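[1] This is the structure alone, sequence omitted:
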């Protein structure tokens, strides 16, 4: 949760995630082909780098200790959506090749074309190359997992992290990732999607409210961690 | 989470959950035998009643819709601790009979004797009888599930609800339930236990801080629910 509450666009791109074009239309300007798919263990190196960037962005690198090994040993233990789940965001300057391996029973990748006014330069393209689609790179991710409302008597999703790399922000991609989680929640009959935001991050709060979220003013997070948690090893 | 942040004792009982007596000692005063065990589908009627009481306590009955059927169809889908998990608190005026059915591979019930100065009257004893141990009644519960810290690269537990029925409060039972979750987290190598509290509930905050928790002042919860969530059904 220190890692939560993403850096959303200060102002949401008003019409950023456009639909796929009709078959007879052609993307205009500088199309950015974007795809959301379920992450797999093969994505751990990129995920670890994204989390590290998030820690830098939040000035919380002193709290960041997760290694690739930590992530690999704790993620992907359950089928998608039953526990910790990651949607990976990839972008490319050309259409994604069809990859039937990505179509799981649980989730069909979401593809959108974002028409940019200017071509985009990604200084970290080599670092975040996904290795399967020519120039496609990993641009962001969202990590979420089921939570539960006893009042509703049904599950929801809690979004732990939402992150888009700097050069891809303010294009509607964060909104696209969060919308994908919300849409999945509705499809599964879930009752809520929740996450946290820093109270001084007024741009993020405005962005979330425009997405239909309520900010709950009175609740505070309590946390036991580190030595204080270790002290409970034999406490009971 | 509307249902979260329990009614903890305004002042924690300083030495309430005592250890089991040595074999040659006898409980003094009015012993209250207490036991924490994993809930099962058979406990759903009592769990539903406890949640309803919690909604009344929090003056949030307008948000409470969970039926026994809702709970039965969404809980107990995964092995304990892998998803939504409930510890049930039972109390009795006499020792609990050994019940080998309650000793699962995952969790051995925790028993404690609380020595009360006065005998205790439970006006709802008949309603919350557990049906398996003479006069034993269900006194409270805690519902929790795994969450995940990307900074630590490991899971934790999120405590959604902690509730102790009114006549059993201020005896250390809430602390015993929360300690059981913290202890389980340590045993599983998890990094955190988290929950939420209302910012004006200074007694609860004091109680939690004495248990080793930090209250994070800056984070706010965002929630999409109801029609605002439904709107995402075909949003992407």
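    Ah, there it is. Since the structure is predicted, the reported quantities are computational estimates derived from the model, not experimental observations. Numbers count the residues shown, from 1 in each chain, chains lettered A, B, ... in the order given.
[2] mean confidence score for the lengthiest strand in chain A?
    Ranked by residue count, the top strand of chain A under DSSP state E comes out as strand A:137-149. For strand A:137-149, mean pLDDT is 98.
[3] What helices and strands are in contact with that strand?
    If contacts are counted by 3 or more C-beta pairs under 8 Å, 6 or more residues apart in numbering or on different chains; DSSP states H and E, strand A:137-149 sits against helix A:44-57, strand A:85-92, strand A:154-164, helix A:173-187, strand A:192-198, strand B:137-149, strand B:154-164. All C-beta atoms are positioned from the backbone trio N, CA, C, and that covers glycine.
[4] isn't residue A:92 right up against residue A:138?
    No. Under the criterion of C-beta atoms under 8 Å, residue A:92 is not in contact with residue A:138, lying 10.6 Å apart.
[5] Of the two, which one has the most company?
    residue A:138 (23 against 19; other C-beta atoms under 10 Å in any protein chain shown).
[6] From residue A:121, how far out is the more buried one?
    16 Å (C-beta to C-beta, to the nearest Å).
[7] check which helix or strand covers residue A:125.
    Residue A:125 is part of no helix or strand, with elements assigned from DSSP states H and E.
[8] Please give the three-state secondary structure assignment for the nearest residue to residue A:209 once chain neighbours are set aside.
    Closest residue to residue A:209 apart from its sequence neighbours, by C-beta to C-beta, 6 or more residues apart in numbering or on different chains: residue A:215 at 6.9 Å. Using DSSP: H, G, I helix; E, B strand; the rest coil, the structure places residue A:215 in strand.
[9] if we look at the sheet, which residues does residue A:215 bridge to?
    Residue A:215 has these beta-bridge partners by DSSP bridges: residue B:222.
[10] Of all residues in chain A, which one is nearest the centre?
    residue A:142 (1.7 Å; C-alpha atoms, centre = their mean).
[11] correct me, but it touches residue A:164?
    No. In this structure, residue A:142 is not within contact of residue A:164 by C-beta under 8 Å, at 9.3 Å.
[12] residues shared between the contacts of the two?
    Common neighbours of residue A:142 and residue A:164 (criterion: C-beta atoms under 8 Å, 6 or more residues apart in numbering or on different chains): A:89, A:177.
[13] one step back: contacting residues around the residue nearest to residue A:209?
    Shown in contact with residue A:215 (C-beta under 8 Å, 6+ apart): A:197, A:205, A:208-209, B:220-222.
[14] same check, this time on residue A:121
    Residues residue A:167 are the ones in contact with residue A:121 under the rule C-beta under 8 Å, 6+ apart.
[15] how much space between it and residue A:137?
    Noted for residue A:121: a distance of 12 Å to residue A:137, by C-beta to C-beta.
[16] do the same with residue A:204
    Between residue A:204 and residue A:137 the computed distance is 24 Å (C-beta to C-beta).
[17] same thing with residue A:221?
    Counting by C-beta to C-beta - residue A:221 and residue A:137 are separated by 34 Å.
[18] repeat for residue A:163
    In terms of C-beta to C-beta, residue A:163 sits 14 Å off from residue A:137.
[19] more crowded one of the two?
    A direct count of neighbours by other C-beta under 10 Å for residue A:163 and residue A:137 places residue A:163 higher, at 26 against 23.
[20] ok, the more buried one - contacts?
    Taking C-beta under 8 Å, 6+ apart as the test, what residue A:163 contacts is A:6-7, A:50-51, A:53-54, A:57, A:140-142.
[21] ok, for residue A:191, nearest residue in space, not its chain neighbours?
    According to C-beta to C-beta, 6+ apart, the nearest residue to residue A:191 is residue A:152 (4.2 Å).
[22] okay, now the one you found: neighbour count?
    Neighbour tally, residue A:152, other C-beta under 10 Å: 21.
[23] Please apply the same query to residue A:209.
    Residue A:209: 12 surrounding residues under other C-beta under 10 Å.
[24] again, but for residue A:227
    By the criterion of other C-beta under 10 Å, residue A:227 has 8 neighbours.
[25] and it, how far is that from residue B:194?
    According to C-beta to C-beta, residue A:227 and residue B:194 sit 16 Å apart.
[26] And residue A:224, by the same measure?
    Counting by C-beta to C-beta, the gap from residue A:224 to residue B:194 is 8 Å.
[27] Among these two, which residue is more densely surrounded?
    For residue A:224 and residue B:194, the more surrounded residue by other C-beta under 10 Å is residue A:224, and the numbers stand at 27 against 20.
[28] remind me which residues of chain A are low pLDDT?
    Filtered on pLDDT under 70, chain A yields the residue ranges A:1-28, A:131-133.
[29] Which residue is the nearest non-sequential neighbour of residue A:156?
    Using C-beta to C-beta, 6+ apart, the nearest residue to residue A:156 is residue A:192, at 3.4 Å.
[30] State the number of residues packed around residue A:233.
    The number of residues packed near residue A:233 is 12, by other C-beta under 10 Å.
[31] Could you look up the SS state of it?
    Per three-state DSSP, residue A:233 ends up coil.
[32] now it, nearest residue through space, not along the chain?
    residue B:186 (4.4 Å).
[33] cool, residue A:182 as well?
    residue B:232 (3.7 Å).
[34] Residue A:60 and residue B:152 touch, don't they?
    No. In this structure residue A:60 lies outside contact range of residue B:152 using C-beta under 8 Å: 11.7 Å.
[35] How many residues are close by the closest residue to residue A:228 other than its chain neighbours?
    Distances taken as C-beta to C-beta, 6+ apart put residue B:212 closest to residue A:228, at 3.4 Å, once the chain neighbours are dropped. By the measure other C-beta under 10 Å, the count of residues near residue B:212 is 21.
[36] Now for residue B:212, which secondary structure element holds it?
    Per DSSP H and E, there is no helix or strand for residue B:212.
[37] what's the answer for residue A:209, then?
    helix A:202-210.
[38] helices and strands around that helix, which ones?
    strand A:192-198, strand A:214-216, strand B:219-225.
[39] quick check: angle from that helix to strand B:219-225?
    If you take axes from the mean of the first three to the mean of the last three C-alpha atoms, to 10 degrees, helix A:202-210 sits at 20 degrees to strand B:219-225.
[40] got the angle between helix A:202-210 and strand A:154-164?
    Helix A:202-210 and strand A:154-164 meet at an angle of 140 degrees, taking the same axes, to 10 degrees as the criterion.
[41] what's the angle between helix A:202-210 and strand A:192-198?
    In terms of direction (the same axes, to 10 degrees), helix A:202-210 departs from strand A:192-198 by 170 degrees.
[42] how about helix A:202-210: buried residues?
    For helix A:202-210, the buried set under the neighbour-count rule, 16 or more other C-beta atoms under 10 Å in any protein chain shown, comprises A:204-205, A:207-208.
[43] ok, of the residues you listed, which one's closest to residue A:35?
    Comparing the buried residues of helix A:202-210 against residue A:35 with C-beta to C-beta places residue A:207 closest, at 22.4 Å.
[44] how far away is that closest one from chain B?
    10 Å (C-beta to the nearest C-beta, to the nearest Å).
[45] try residue A:35
    Taking C-beta to the nearest C-beta, one finds residue A:35 at 12 Å from chain B.
[46] could you measure that residue against residue B:202, distance?
    Where residue B:202 is concerned, residue A:35 sits at a distance of 49 Å (C-beta to C-beta).
[47] And residue A:114, by the same measure?
    Residue A:114 is 48 Å from residue B:202, by C-beta to C-beta.
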